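Trainee: Curious how this folds, go ahead:
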Amino acid sequence: MCLEDRGSVPFIGFLIELFKRHNVHIPVDLIRIELEKLIDRIEFDTRMTSLEEQSGHHTTMLQEIKGMLIRMQSKDDDEDDE
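Mentor: Numbering: from 1, shown residues only. Got it, this is the predicted structure:
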């Protein structure tokens, strides 16, 4: 037996019916705009997280390259001393 068979209404359906009974009108544009803002925020957060991860990876790579250059320079200096 599913929820609809027992007379239950999904939460959104319940709210819509409640609003209708009390003559409460929610402009569709308001709902759509708020959802778009939420989606935009989620996309922004996702992109920022991705950029932060890439930045951390690049920073690590640059540190490794810098370390290799320092070791190469030190090795060249040692060879010049001989």
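Trainee: which residues of this structure score low on pLDDT?
Mentor: Applying pLDDT under 70 to the chain picks out residues 1-9, 27-32, 82.
Trainee: quick one, helices of it?
Mentor: Using DSSP state H, the helices found in the chain span residues 11-21, 28-81.
Trainee: Mean neighbour count for the ones you listed - can I get that in a markdown table?
Mentor: All C-beta spots, glycine's among them, are computed from the backbone N, C-alpha and C. Formatted as a markdown table, these follow (neighbours: other Cβ atoms under 10 Å):
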| stretch | mean neighbour count |
| --- | --- |
| helix 11-21 | 11 |
| helix 28-81 | 10 |
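Trainee: I'd like to know how far Asp76 sits from Ile65.
Mentor: 16 Å (Cβ to Cβ, to the nearest Å).
Trainee: Equivalent analysis for Ser50, please.
Mentor: Relative to Ile65, and taking Cβ to Cβ, Ser50 is found at 22 Å.
Trainee: next one: Gln73
Mentor: As judged by Cβ to Cβ, Gln73 and Ile65 stand 13 Å apart.
Trainee: for Thr49, same thing?
Mentor: Counting by Cβ to Cβ - Thr49 and Ile65 are separated by 25 Å.
Trainee: Next up, the contacts around Phe44.
Mentor: Applying Cβ atoms under 8 Å, 6 or more residues apart in numbering, we find Phe44 in contact with no residue.
Trainee: Could you tell me how far it is located from Glu34?
Mentor: To Glu34, Phe44 is 15 Å away according to Cβ to Cβ.
Trainee: With Pro10 instead?
Mentor: Following Cβ to Cβ, the distance that separates Pro10 from Glu34 is 20 Å.
Trainee: And for Glu64?
Mentor: Distance from Glu64 to Glu34, by Cβ to Cβ: 45 Å.
Trainee: same thing with Asn23?
Mentor: Applying Cβ to Cβ to Asn23 and Glu34 gives a distance of 21 Å.
Trainee: Name the nearest residue to His25, sequence neighbours excluded.
Mentor: In this structure, His25 finds its nearest non-sequential neighbour in Phe19, 7.4 Å apart by Cβ to Cβ, 6 or more residues apart in numbering.
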